[in-house]
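>>> this one's sequence-less:
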């Protein structure tokens with residue numbers, strides 16, 4: 001039997017986006033445009049999970065969640081899992097969500113793949129570790145081998161390009177979570193690649209680690225300040241140091257990946 005999900009959000013685009021993607025994953029999805037309509041549908045279908053917007057006309061998301069969890073005649077056992085989906089990202093809102101018993105708090109704009117994975121995680125009771133995609137662009141194949149040999153396979157999947165042009169083409173196709181970029185390469189230099197990535201709105205938020213033998217302060221300034229690379233690592237490098245920077249940019253900055 002498929003699990004039931006109720007989406008309560010006054011944005012019809014969000015309703016359609018979630019309904020299409022969740023149904024592709026095998027869930028039975030219902031939608032409501034406000035809290036009062038949501039309560040009626042909740043009573044009728046008794047969903048396993050709720051995705052609720054905070055700001056809606058009439059009854060807001062918090063009052064809806066409160067009634068579902070605590071109101072006599074509505075309470076069900078086991079209680080449904082709840083994901084709050086909102087354009088607000090305030091400590092107060094997160095605090096209220098925690099007190100009510102919300103299971104996940106996701107801010108808009110969001111990555112629909114992340115949300116579907118979160119739904120699966122909550123309904124299965126098993127944490128899902130999504131592999132982060134790392135793009136290595138370096139004309140030295142030994143660099144690729146060292147990095148790939150040390151990346152934890154359960155966390156990361158690495159792909160490789162030997163020059164800047166090939167790297168840009170692969171980034172366009174694969175949309176990696178992070179790019180490790182050499183500076184001195186044939187066809188297009190790392191400076192050119194980084195500049196093109198950061199000037200393109202589609203790829204501007206992809207973190208870039210510049211990996212280079214150039215150690216002068218001027219080179220580091222150009223890379224991190226002028227070209228807006230996120231980190232600058234000089235060769236020869238300590239693999240532990242590089243892995244730490246990868247972890248910081250792909251895991252601790254995970255909220256930046258939650259985009260529609």
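Happy to help now that I have it. In this text the structure is predicted, and so the values were computed from the model without any measurement.
>>> gap between residue 155 and residue 57?
Here residue 155 is placed at a distance of 42 Å from residue 57 (CB to CB, to the nearest Å). Backbone N, C-alpha and C define where each C-beta goes, glycine included.
>>> same question but for residue 3, I mixed them up
28 Å.
>>> neighbour count winner among these two?
residue 3 (18 against 10; other CB atoms under 10 Å).
>>> I'd assumed residue 48 was in contact with the more buried one.
Yes - taking CB atoms under 8 Å as the definition, residue 3 is a contact partner of residue 48 at 4.5 Å.
>>> anything in contact with each of those two?
residue 123 (CB atoms under 8 Å, 6 or more residues apart in numbering).
>>> Any regions of the stretch 151-260 of the chain where pLDDT drops low?
Within the stretch 151-260 of the chain, the stretches with pLDDT under 70 are 154, 214-227, 251-260.
>>> cutoff 80 now
Scanning the stretch 151-260 of the chain for pLDDT under 80 picks out 153-155, 212-228, 251-260.
>>> Now do the strands in it.
Counting by DSSP state E, counting those that start in this stretch, the stretch 151-260 of the chain forms strands over residues 156-161, 178-182, 208-212, 231-234, given from the N-terminal end onward.
>>> and residue 170, which of the ones you listed is closest to it?
Residue 170 sits nearest to strand 156-161 of all the strands of the stretch 151-260 of the chain, at 5.3 Å, using CB to CB.
>>> Packing partners of the closest one?
Packed against strand 156-161 by the contact rule (3 or more CB pairs under 8 Å, 6 or more residues apart in numbering; DSSP states H and E) you find strand 132-137, helix 141-150, helix 164-174.
>>> Now do the buried residues in the longest one.
Translated: helix 164-174. Applying a neighbour-count criterion of 16 or more other CB atoms under 10 Å, the buried positions in helix 164-174 are 164-168, 170-171.
>>> Then stretch 102-121?
Counting neighbours by 16+ other CB under 10 Å, the buried set in stretch 102-121 is 102-108, 110, 112, 114-121.
>>> what about it, how long is it end to end?
Here the two ends of stretch 102-121 are set 14 Å apart, with distance taken as CA to CA, to the nearest Å.
>>> ok, then the element right after the helix or strand hosting residue 95?
When elements are assigned from DSSP states H and E, residue 95 belongs to helix 91-100. Scanning forward in sequence from helix 91-100 by DSSP H and E, the next helix or strand is strand 104-107.
>>> tell me the average confidence for that following strand?
Confidence over strand 104-107 (mean pLDDT, whole number) is 85.
>>> Which strands and helices lie in contact with that strand?
Using 3+ CB pairs under 8 Å, 6+ apart, the elements in contact with strand 104-107 are strand 81-86, helix 91-100, helix 112-124.
>>> For the longest one, name the packing helices and strands.
Using 3+ CB pairs under 8 Å, 6+ apart as the contact test, the elements touching helix 112-124 are helix 12-24, strand 49-53, strand 81-86, strand 104-107.
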